[in-house]
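Q: fold the following and give me the result.
(3 chains)
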Amino acid sequence: MTRRLVPLAIFGVAVAYLWAAMGVPLDPWSADEAVNARTFPLVCGALLALLAAGMSFRGVPFTAGPGRYGPLAAIVGCIVAFIVAIPFTGLWPALGLFLCAALAVLGERRPPVLLGASVGTPALGWVLVEALLGVYIHPGSLWG
Amino acid sequence: MPRLNSMPSAAARMALVGVLICGALGAPADDRVHFVIPVAPGGGVDGTAREVGRALDALGLAGSVSFENVGGGSDRALGLFVENEARFRDALLVHSTPLVIRNVQGLFPLGFRNLTPVAGLVADYGIFVVREDDPMEHWKAILQRLSDDPTSLIVGGGSARGSLDHIVLALALGAAGIDARRVRYLPYDGGGKAMLALLGGEIDLLSTGLGETLSFTRSGQVRVLAVTAPARVAAIADVPTLAELGYPVSFANWRGVFAPPGSPADTRGAHVRRLRALAASDAWQAALDRHGWQALDVFGLEFEAYLEDQEAVLRVTLSELGFSR
Amino acid sequence: MWEGIAAGLATAMDPANLAWVALGCLAGTLIGMLPGLGPITAIALMIPVSYSMEPAAGLIMMAGVYYGAVFGGSTSSILINAPGVASTVATSFDGYPMARAGQAGRALALAAYASFSGGVFGALALLVFAGALASWATAFQSPDYTLILILALSSIAAFAERGLVAKSCVAALLGLMLGTVGADPESGVPRFTFGRLDLMDGIAFILVAMATFALADAFHLLTRGGDDEPRTAAGRHVRLAPGDARAIVPTVGRNSVLGFLVGVLPGAGATLASFFAYTFEKRFTRNPACGVAAPESANNAACMGSFVPLLTLGIPGSGTTAVLLGVMLSLGIQPGPRLLAVDPGAFWGVIVSMFAGNLVLLALNLPLIPWLSRLIRISRPVLIPFVVAFSLVGVYLTTLNDFDLYLMVGLAAGALVLRRAGYPLAPLLLGFILSGMLEENLRRTLYLADGSWASLAERPLTVVLAVACLVVWIAPLWRRLRHRADAAGAS
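A: So this is what the prediction gives:
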């Protein structure tokens, strides 16, 4: 089954893309031209659909062995929490929290490492990017 | 001898670190000018913002100047600026003519009416360029060719179909009674690449902004046939305006600054005073000369009226030309 | 010309200007190593420093920032598979596996020496051919670009390993499709944005690069859990392996020439140069040392090449040189055909200063290598959060938009699926990078041809490129057929 699953999924992506490409609005001043905003996407989507259909018909070897998805899910959870936090806390505090949580999730327990990473890295980032290089980043709605 | 007085500027950055650490406490808010730039670094709008900021700083008209390049396209930047009142309360948005064009064409619902116009500072005029060895030495020769057969020339421009460079071309041709929709227009990614295509012979005529290609138009490898300015431009004083040639058309790609929607009158007044002082200064004049920009100098309500005029012109011509939906 | 070069030498060797070039290179290479900050941002950030400077000194410094950032950009590609700049993507193909095998120091040293040689060669070529090559920049027209881009895309598929041709093509097509998201460059209509303003400007390169390379790789390592590959302690040496120097000399030589010539072409630049260099080099050798040296020498030579249209025509060929053009104008230097006559000191000064700049960069980067390569030896539970943070912050700093971060995680998840199913991701990134350029040039070509293909065959350059495209597709087929015939004959 896995021999065909990924090519079939890609085929689905290609069909959805083609459907979206047909719905691209055309400007009144270029609608009557042979080559317009839809042409290139339609060509790419059609090629991909053909290729994926062929591959799912023949079946292709699926090389990966079984994986462990627990740590991955935990880290993705940390990432999503990080993104949600940015508008409220600003980039650097969110980064500190993320590093602390991600390190802890992956089994790091030494307090100096956790503290150093979650305070030191954002501080270094702030000094380099905002203070020294003068990039403006919104500080986050919590601080006004 | 090279001056070494830019060390203080590096030192000033270091000092800024200190100020920022102690800061946020007591600095008067109206002394800081924050520019929101709706495009990535590089190009005319970004350059305008940075030159304005530089001159304000040099003249002591602002306590500190900061720039924020909002990525992800000018529509997104405009949306953010309009909707996040608290975040952008004292900020200035830098924008240009596409603000009006995209709105008139119905490509984006927000326009200058959703902002508080503060000042139009820079005007960049459209020019029409051919290769130096081209037998068509005058704008009239181009018009003759195109009215005989609108498809006989390939015209290139530095922006998408139906946007700035194409519209300027359509306005100029429309004034001579030529249907611009039948003229073959090829868009390029910027005036520079379109200029290379002109030199390489891929296109016959180029419609672009003067500022983007100034150093090249002065080189003698190309010939500028006409400019869309209301009067002759000093940087290319031998080039006639369309009006001189008998076609009463002028069009500027303006660049200006806006305050957030519903800014109180005194905030707007303070911005206007500051930018009037800027426009009158030698430092700003020098910046204009370096880039080959023309001064526009319309402020506050005048700027609003200017934008309304431009919108009216665009609304009529774009629907006549079939460029709006 | 010789007087000009002498004047340039005097300008460049002025002690103050030497200090500026060193400062520019230092700032450029350090900013280039930070997440998400490539040459464009590096130059933009250094603009305020240049304001109060003498024009020639300012230009020399800013040029140093530019090639310094290109020089430093390869570091994160090699160490953690996180290419922050498109031109260093190809460096990660062989560089990252070397680093994972405990040879981070060797890979970084190779990159440094190759960058240095490419940069010096490029500066030399600029010195000698700057004037003559201006017409090379205008010789290429839309049909030629279309063919070059097709050549680049097909070479990566045609030279894929056995059994991976179809998967490479799928990946490249997915990349092309990702590249079509956003406002259509020709008419401005939104495509595949689903009404979201965040997508109007398209998906940022760094987002796709970080998602499919760094983040997907970190995810992949997480799913592999315990079965760690043995980490050797050899990461510390800065030296090249014995035989590397001899192996890479011809590589660096031919790819510097290639890189410079491609770099002169507007729009093509360092990215195409590095991809071409990598695929071209793989025709000759399987040595990973050459796989690192080839793209690095090519992208640095290309960076020098991009100064040709900028200085001699006043026309920027890439986003980076467009920012540099703005800097030159605000310094009061008018680049273009008259620069040579009006301001020979600035023109030749900046070119001559590039030799000094490359020496500075080599001297700066080599001592950093032991420190940087130590990073790779950090234990995995500590390293992975940092790699993830590096790539997220890099993307956030580019657009300051949290929507992009969600998109990035989604893309990384998709990339992980593809990767575990054995699809190579490099063609996807290549397809994404080239998509916009390919479509733009293809549409212009079709518009110009207007149905008649004969008009395209009139120009010799176009014909040569078309033949090259055909060869790339036919050669592997031909080899396979002959292989089969031989096997049949033997049995």
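
Q: please point out which parts of the helix or strand that contains residue A:20 sit buried.
A: Using DSSP states H and E, the element containing residue A:20 is helix A:2-22. By neighbour count on 16 or more other C-beta atoms under 10 Å in any protein chain shown, the buried set for helix A:2-22 is A:4, A:6-11, A:13-14, A:17-18, A:20-21. Glycine gets a C-beta too; all of them are placed from N, C-alpha and C.

Q: please list which of these also come close to chain C.
A: Filtering the buried residues of helix A:2-22 for neighbours of chain C using C-beta under 8 Å from any C-beta of the partner chain leaves A:6, A:9, A:10, A:13, A:17, A:20, A:21.

Q: can you tell me the closest non-neighbouring residue to the third one?
A: Spelled out, it's residue A:10. Leaving aside its sequence neighbours, residue A:10 sits nearest to residue A:52 (C-beta to C-beta, 6 or more residues apart in numbering or on different chains; 4.2 Å).

Q: let me know the next secondary structure element after the helix or strand containing the one you found.
A: If you go by DSSP H and E, residue A:52 is part of helix A:39-58. Using DSSP H and E, the helix or strand that follows helix A:39-58 in sequence is helix A:70-89.

Q: may I see the buried residues of helix A:2-22 arranged in TSV, with pLDDT and distance to residue C:331 as well?
A: Below are these laid out as TSV (pLDDT from 0 to 100; distance: C-beta to C-beta, whole Å):
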residue	pLDDT	distance to residue C:331
A:4	81	61
A:6	88	54
A:7	90	55
A:8	92	58
A:9	93	53
A:10	94	51
A:11	95	55
A:13	95	49
A:14	96	50
A:17	96	46
A:18	96	50
A:20	95	46
A:21	94	46
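
Q: going by distance to chain C, which of those wins?
A: Using C-beta to the nearest C-beta, residue A:6 comes nearest to chain C of the buried residues of helix A:2-22, at 4.3 Å.

Q: is the closest one in contact with residue C:414, as I believe?
A: No: counting by C-beta atoms under 8 Å, residue A:6 does not reach residue C:414; the two are 10.8 Å apart.

Q: count the residues that sit near residue C:461.
A: 13 (other C-beta atoms under 10 Å in any protein chain shown).

Q: how about low-confidence regions in chain B?
A: Per-residue confidence of chain B (counting by pLDDT under 70) places the weak regions at B:1-30, B:325.

Q: ok, residue B:107 - contacts?
A: The contact partners of residue B:107, by C-beta atoms under 8 Å, 6 or more residues apart in numbering or on different chains, come to C:188, C:189.

Q: quickly note the distance from residue C:331 to residue C:59.
A: As for residue C:331, its distance to residue C:59 is 6 Å (criterion: C-beta to C-beta, to the nearest Å).

Q: oh sorry, the question was meant for residue C:341
A: For residue C:341 relative to residue C:59 (C-beta to C-beta), the value is 17 Å.

Q: just want to know which of the two has more residues nearby.
A: Between residue C:341 and residue C:59, residue C:59 has the larger neighbour count (other C-beta under 10 Å), namely 29 against 9.

Q: who's in contact with the nearest residue to the more buried one once chain neighbours are set aside?
A: Leaving aside its chain neighbours, residue C:59 sits nearest to residue C:350 (5.2 Å; criterion: C-beta to C-beta, 6+ apart). Listed by C-beta under 8 Å, 6+ apart, the contact partners of residue C:350 are C:8, C:12, C:56, C:59, C:60, C:63, C:307, C:311.

Q: hey, where'd the strands end up in chain B?
A: Here chain B has its strands, by DSSP state E, at B:32-37, B:64-69, B:91-96, B:116-131, B:154-157, B:184-187, B:205-209, B:222-227, B:252-259, B:294-299.

Q: hey, which of the ones you listed is tucked in deepest?
A: strand B:205-209 (a mean of 27; mean count of other C-beta atoms under 10 Å in any protein chain shown).

Q: how distant is it from the center of its chain?
A: Remark: strand B:205-209 is offset 15 Å from the chain centroid, using C-alpha atoms, centre = their mean, to the nearest Å.

Q: mind listing what residue C:153 touches?
A: Shown in contact with residue C:153 (C-beta under 8 Å, 6+ apart): C:172, C:176, C:427, C:430, C:431, C:434, C:438.

Q: next: residue C:177.
A: With C-beta under 8 Å, 6+ apart, residue C:177 has these contacts: A:17, A:41, A:44, A:45, A:48, C:435.

Q: residue B:252 now?
A: If a contact means C-beta under 8 Å, 6+ apart, then residue B:252 has B:97, B:123, B:124, B:125, B:228, B:229, B:294, B:296 as its contacts.

Q: pretty sure the third one is touching residue B:209, no?
A: Yes: taking C-beta under 8 Å as the contact criterion, residue B:124 and residue B:209 are neighbours in contact, 4.5 Å apart.

Q: what's the overlap in contacts for the two?
A: Shared contacts of residue B:124 and residue B:209, defined by C-beta under 8 Å, 6+ apart, comprise B:44, B:253.

Q: closest residue of the stretch 201-325 of chain B to chain C?
A: Closest point on the stretch 201-325 of chain B to chain C, by C-beta to the nearest C-beta, is residue B:215, at 3.6 Å.

Q: mind listing what's buried along the helix or strand where the residue nearest to residue C:59 lies?
A: According to DSSP H and E, residue C:350 maps onto helix C:344-375. Buried residues in helix C:344-375, counting neighbours by 16+ other C-beta under 10 Å, are found at C:344, C:346-362, C:364-365, C:368-369, C:372-373.

Q: picking that back up, redo the contacts of residue B:252 as JSON lines? Include distance to residue B:145.
A: What follows is the contacts of residue B:252, written out as JSON lines (distance: C-beta to C-beta, whole Å):
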{"residue": "B:97", "distance to residue B:145": "28"}
{"residue": "B:123", "distance to residue B:145": "29"}
{"residue": "B:124", "distance to residue B:145": "27"}
{"residue": "B:125", "distance to residue B:145": "23"}
{"residue": "B:228", "distance to residue B:145": "20"}
{"residue": "B:229", "distance to residue B:145": "24"}
{"residue": "B:294", "distance to residue B:145": "30"}
{"residue": "B:296", "distance to residue B:145": "33"}
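
Q: how far off centre is stretch A:42-55?
A: Taking C-alpha atoms, centre = their mean, one finds the center of stretch A:42-55 at 24 Å from the center of the full chain.

Q: which other residues reach it?
A: A:7-8, A:10-11, A:13-15, A:17-18, A:21-22, C:166, C:169-170, C:173-174, C:176-177, C:180.

Q: burial measure for residue B:270, as a count.
A: Look at residue B:270: counted by other C-beta under 10 Å, it has 16 neighbours.

Q: any idea how far it is from residue B:33?
A: On the measure of C-beta to C-beta, residue B:270 and residue B:33 end up 10 Å apart.

Q: before we move on, what about residue C:310?
A: Distance, residue C:310 to residue B:33, by C-beta to C-beta: 31 Å.

Q: returning to that earlier point: highest neighbour count among the contacts of residue C:350?
A: Highest neighbour count within these: residue C:60, with 31 neighbours (other C-beta under 10 Å).

Q: read off the pLDDT value for that one.
A: pLDDT recorded at residue C:60 is 92.

Q: please identify the helix or strand for the residue of the stretch 1-150 of chain C found nearest chain B.
A: Using C-beta to the nearest C-beta, the closest approach of the stretch 1-150 of chain C to chain B is made by residue C:44 at 3.6 Å. Counting by DSSP H and E, the element that carries residue C:44 is helix C:39-50.

Q: can I get that helix in PDB, CA atoms only?
A: The C-alpha coordinates for helix C:39-50 follow below in PDB (Å, rounded to 0.1, in the frame of the first residue of the first chain):
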ATOM      1  CA  PRO C  39      23.700  40.200   1.400                       C
ATOM      2  CA  ILE C  40      20.700  42.400   0.700                       C
ATOM      3  CA  THR C  41      19.900  42.900   4.400                       C
ATOM      4  CA  ALA C  42      23.600  43.200   5.200                       C
ATOM      5  CA  ILE C  43      24.000  46.100   2.800                       C
ATOM      6  CA  ALA C  44      20.800  47.800   3.900                       C
ATOM      7  CA  LEU C  45      21.800  47.600   7.500                       C
ATOM      8  CA  MET C  46      25.200  49.100   6.800                       C
ATOM      9  CA  ILE C  47      23.800  52.100   4.900                       C
ATOM     10  CA  PRO C  48      23.700  54.500   7.800                       C
ATOM     11  CA  VAL C  49      27.400  53.800   8.500                       C
ATOM     12  CA  SER C  50      28.300  54.800   4.900                       C
END
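
Q: no further queries at this time; thank you.
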